[in-house]
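Asker: with the input below, show me the fold.
(chains A, B, C and D)
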Protein chains: 2
Amino acid sequence: MSILPTSQPLKPVGGKRSSKRERILNVFLRQEGHLSADDLFDLIKQDDQHISRATVYRALQWMVEAGIAQKVDFGEGRSRFERTYRHPRHYHLICKNCNSSSEFLSSDIEMLIEEVSTSRNFDVSRSVVQVYGTCEKCSTGKSAPGDEGHTELLFARDALQIAIATERSGLEFYSRAARLAHDQRGRKVFQDLADEEKKHLATLEKSYEELLARDPHLEDRPRFLFFKGAASGLFATGADELVQGVDDQQALLIGIRCERGSHNFFKKYAEKFEDSEGKQIFADFAAEEKEHLELLLKEYRELVKRQSQPAKRVASRTRKA
Amino acid sequence: MSILPTSQPLKPVGGKRSSKRERILNVFLRQEGHLSADDLFDLIKQDDQHISRATVYRALQWMVEAGIAQKVDFGEGRSRFERTYRHPRHYHLICKNCNSSSEFLSSDIEMLIEEVSTSRNFDVSRSVVQVYGTCEKCSTGKSAPGDEGHTELLFARDALQIAIATERSGLEFYSRAARLAHDQRGRKVFQDLADEEKKHLATLEKSYEELLARDPHLEDRPRFLFFKGAASGLFATGADELVQGVDDQQALLIGIRCERGSHNFFKKYAEKFEDSEGKQIFADFAAEEKEHLELLLKEYRELVKRQSQPAKRVASRTRKA
DNA sequence: CTAGGTGCAAATAATTTGCAGAGGC
DNA sequence: GCCTCTGCAAATTATTTGCACCTAG
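Answerer: Purely as a prediction, here's the structure:
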């Protein structure tokens, strides 16, 4: 279950290694939740009777400076600490009844916070969202599937699900366009795009299977990532007459627009991962998309040069009656 | 500038009045920002040398219990307090450089938080959003228009602006529909609806003028309320052929749909105001919309009864090509 | 008259710090 | 050997509490 390579402990810079720190660090990184200094102190004491509170405080301070830990404040009058190593950025739902807290990430909320801040010329360094209330367990009695799984896995799961849905909708769009296009060369472009999407989709689905293999209950756990902003509207749909009449040049333009959206989307995801393998998955994918996009752009430029005339604009979406 | 009726101090329930509490309460309510217990203590001491910290702490506790004040925690290791009386719910932008903080409200963020919580069966009682970073003043040096104005006024300003925009779009929609409708009775319905909107619009614009009169710099202050979710899509536009062919019955249905959206919109706003005159403005307005809506519904029912046949469904929005 | 408010000083509670000694490099 | 870490105890900071006294209803 543990994602941490236990044999190879972290060695953050900025301080001397010592048996005490090593021990504190190891105990801390093995914990899932949000520990108070005292919680940690008690845990350490189980192994090592000769530990001082001050040492724990100093170690925590050092971990925060080194970027391994982060202070969180749930308004209890004392600080708690959570891992940042292999732990994506997130917000909190905090049960005032049982003091449990669960994590989520909403890219939509992040975007809105960004918008508000921009409009006030406020330079954001960190945003905190804390939702206080009563958790399902406390209000209904029955225990819901916990989100004790590694947040990193949950994030990867949800991001992959969204990515797969995006690819599917792209595949569907291009296939449909290929079926509808009257122009021979236009159809060819769409067909190629669809094939490309199919390839990407297979890659993603394989990643997803691999992820599921690492935690048998992964799909039962509650959703971590909330993001409706990006997946919708990437691919224009519902305007069949638009693609019927396009030639290869226009088809390429449509493809470029969609792929650019898709690339930005994955890039954005990749950036969201702190240091983790999930980041790599998405960074790789974004790179792949970018490559594809550049290929399309090159193809388009060559086509234009060959025809040595400016591209015709795609007809506007609705015809005036 | 002060919105508080200075002659008539609040008398919250649940405690005895005393000269000390009265004084603390008055000083507290006159302050704009987020006071720490010590800030308040210092302020009181300017008037009254014989005050104890304990009394200030006890008074603050009492104010929080009575719902006049709210504790906020910006992670400084001590609590701050802000008024809740005549102070709409809000989130915070906190400058880590100068420790200033400014307030905003995003209904969109609130909606997203609600969605996340619902999906986890989490019962929300309060949500905290804190954006840490550097304010405009600290990063550019030049001082931006401050938001020291009463939040209540800012809220009213922004809500009214959105409401006016909504009414305008309604007016435009109905006017256009009246112009386009072929059916005589359908046109009449749209015309009446447009007239009604014009009346509402005038009311709102008058309220807005009155608001501006109360603070000459009100329009210079930064936006407080962020809400793109509601205003858009209330009135269907861009489908001219839809309204061309409608009869009075169908026109009424369209009107009902739009007015219902509008009513819900204003009701939602009204609910957002804590205890304030702004709440009243919007509650009144929501009531007016509701009345209008019920009138339309009645008219519709009568029309249906007269014709004693089920209403024809409005044609779907886009024709398949 | 009596419950509740007030001041003072002492108590708590979380966290930090001074200092002497131990340990890593 | 030097510099940093560690333990212990004392200090600091924000807040609360016990207690004797005072004041409003």
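Asker: who are the contact partners of the spatially most central residue of chain A?
Answerer: Against the mean C-alpha coordinate of chain A, by Cα atoms, centre = their mean, the closest residue is residue A:269 at 4.3 Å. Going by Cβ atoms under 8 Å, 6 or more residues apart in numbering or on different chains, residue A:269 touches A:159, A:163, A:282, A:286. The C-beta positions use only the backbone N, C-alpha and C, and glycine is treated the same way.
Asker: and with 7 Å instead?
Answerer: A:159, A:282 (Cβ atoms under 7 Å, 6 or more residues apart in numbering or on different chains).
Asker: before we move on, what about residue A:120?
Answerer: B:93, B:102, B:136, B:222.
Asker: could you rerun that using 6 Å?
Answerer: By Cβ atoms under 6 Å, 6 or more residues apart in numbering or on different chains, the contact list for residue A:120 reads residue B:222.
Asker: and if you look at the one 5 residues further on?
Answerer: Taking Cβ under 6 Å, 6+ apart as the criterion, residue A:125 is in contact with B:132, B:133.
Asker: that one in helix, strand or coil?
Answerer: strand (DSSP: H, G, I helix; E, B strand; the rest coil).
Asker: where does the stretch 151-300 of chain A dip in pLDDT?
Answerer: A:229-242, A:273-278 (pLDDT under 70).
Asker: try 80
Answerer: A:229-245, A:265-266, A:268-282, A:284-285 (pLDDT under 80).
Asker: could you check whether stretch A:220-230 is close to chain B?
Answerer: Yes. Using Cβ under 6 Å from any Cβ of the partner chain, stretch A:220-230 reaches chain B at A:222, A:226.
Asker: if we can go back for a sec, phi, psi for the residue nearest to the centre of chain A please.
Answerer: Main-chain dihedrals, residue A:269, degrees, to the nearest 10: phi -60, psi -50.
Asker: cool, and residue A:183?
Answerer: phi -70, psi 130.
Asker: show me where the stretch 1-150 of chain A has helices.
Answerer: A:19-30, A:37-47, A:53-65, A:107-119, A:136-140 (DSSP state H, counting those that start in this stretch).
Asker: could you confirm residue A:201 falls within a helix?
Answerer: Yes. Assigned with three-state DSSP, residue A:201 falls within a helix.
Asker: was I right about it contacting residue A:167?
Answerer: Yes. Under the criterion of Cβ atoms under 6 Å, residue A:201 makes contact with residue A:167 at 4.4 Å.
Asker: neighbour count for those two, which is higher?
Answerer: Set residue A:201 next to residue A:167 and count neighbours by other Cβ atoms under 10 Å in any protein chain shown: residue A:167 wins out with 23 against 17.
Asker: hmm, the helix or strand harbouring that one in reach of chain B?
Answerer: If you go by DSSP states H and E, residue A:167 is part of helix A:151-180. No. Between helix A:151-180 and chain B, judged by Cβ under 6 Å from any Cβ, nothing touches; the nearest distance is 10.4 Å.
Asker: where does the stretch 1-150 of chain A have low pLDDT?
Answerer: Using pLDDT under 80, the flagged stretches of the stretch 1-150 of chain A are A:1-19, A:143-149.
Asker: distance check, the residue nearest to the centre of chain A against residue A:102.
Answerer: 21 Å (Cβ to Cβ, to the nearest Å).
Asker: and for residue A:129?
Answerer: 13 Å.
Asker: just residue A:57 next, same as before
Answerer: Residue A:57 is 27 Å from residue A:102, by Cβ to Cβ.
Asker: excluding sequence neighbours, find me the nearest residue to residue A:107.
Answerer: residue A:227 (4.1 Å; Cβ to Cβ, 6 or more residues apart in numbering or on different chains).
Asker: how about the strands in the stretch 151-300 of chain A?
Answerer: In the stretch 151-300 of chain A, the segments counted as strands under DSSP state E, counting those that start in this stretch are A:225-226.
Asker: the residue nearest to residue A:220 when sequence neighbours are not counted: how many residues sit nearby?
Answerer: The shortest distance from residue A:220 to any non-neighbouring residue, by Cβ to Cβ, 6+ apart, is to residue A:145 (4.8 Å). Neighbours of residue A:145 under the rule other Cβ under 10 Å: 12.
Asker: how far away is residue A:145 from residue A:217?
Answerer: In terms of Cβ to Cβ, residue A:145 sits 7 Å off from residue A:217.
Asker: then residue A:175?
Answerer: 35 Å.
Asker: between those two, which is the more surrounded one?
Answerer: Legend: neighbour count by other Cβ under 10 Å for residue A:175 and residue A:217, higher for residue A:175 (17 against 12).
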